[in-house]
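Chemist: this is a predicted model, with the sequence first.
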Amino acid sequence: MYAIWRYGWTRAGQGCRDRPGKWPRPIRNLLAALKKAEEIRTYFANALVDTGAVRSVLPPYVVERLGLAIRGQRVAEYADGRKETVGVTEPLIIEIEGRDTLEEALVLGDEVIIGQTVLEKLGLFVDCINQRLVPNPAHPDQPVSKVK
């Protein structure tokens with residue numbers, strides 16, 4: 001099963017780790033080519049864009065509502081240095097600003113977090129002053145992946 005996490009930016013909150021912000025986003029269980037409309041699950045969440053988090057995070061209740069499988073375990077290290085073994089989901093599609101990527105999410109906590117790997121794969125920067133995500137000026141029309 002796959003999920004899609006669509007991102008919609010609003011002015012409510014801040015966009016940087018030192019001034020964390022939250023914006024509503026629908027999160028959907030979706031593999032459009034293989035699923036019927038009634039099998040697509042949607043969950044609206046307030047997500048934190050955290051440039052200090054490498055990986056993205058989904059709380060257990062969101063994973064359950066989307067019907068995602070836990071496919072393994074990873075060690076997560078918190079900002080205070082604590083470490084904990086947590087679940088990792090099967091891949092899900094994350095869409096932000098019309099760009100999408102396939103990503104696993106760590107399962108922990110009680111809030112949805114968008115981490116660095118998603119932002120990098122989508123070619124998005126955090127504009128802290130204007131509280132928004134912006135495309136990389138070097139390639140504003142689409143994300144570009146370096147391969148060598």
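Modeler: Looks like it came in fine. Numbering: from 1, shown residues only.
Chemist: residue contacts, the most centrally placed residue in the chain?
Modeler: Within the chain, the residue whose C-alpha comes closest to the C-alpha centroid is Ile114; the distance, by Cα atoms, centre = their mean, is 3.8 Å. For Ile114, the residues meeting the contact criterion (Cβ atoms under 8 Å, 6 or more residues apart in numbering) are 7, 47-50, 53, 56, 94, 96. C-betas here are computed from N, CA, C, even on glycine.
Chemist: 6 Å instead?
Modeler: Shown here is Ile114, whose contacts under the criterion Cβ atoms under 6 Å, 6 or more residues apart in numbering are 47, 49, 56.
Chemist: do the same with Val134
Modeler: The neighbourhood of Val134, defined by Cβ under 6 Å, 6+ apart, consists of 125, 127.
Chemist: just the element for it, please.
Modeler: Taking DSSP states H and E as the definition, one finds Val134 inside strand 132-135.
Chemist: in the protein, where is pLDDT below threshold?
Modeler: Counting by pLDDT under 70, the low-confidence segments of the chain come to 1-37, 39-41.
Chemist: in this structure, which spans are helices?
Modeler: 60-66, 116-122 (DSSP state H).
Chemist: out of those helices, nearest to Tyr78?
Modeler: helix 116-122 (15.7 Å; Cβ to Cβ).
Chemist: what's that closest one packed up against?
Modeler: For helix 116-122, the packing partners by 3 or more Cβ pairs under 6 Å, 6 or more residues apart in numbering; DSSP states H and E come out as strand 99-103.
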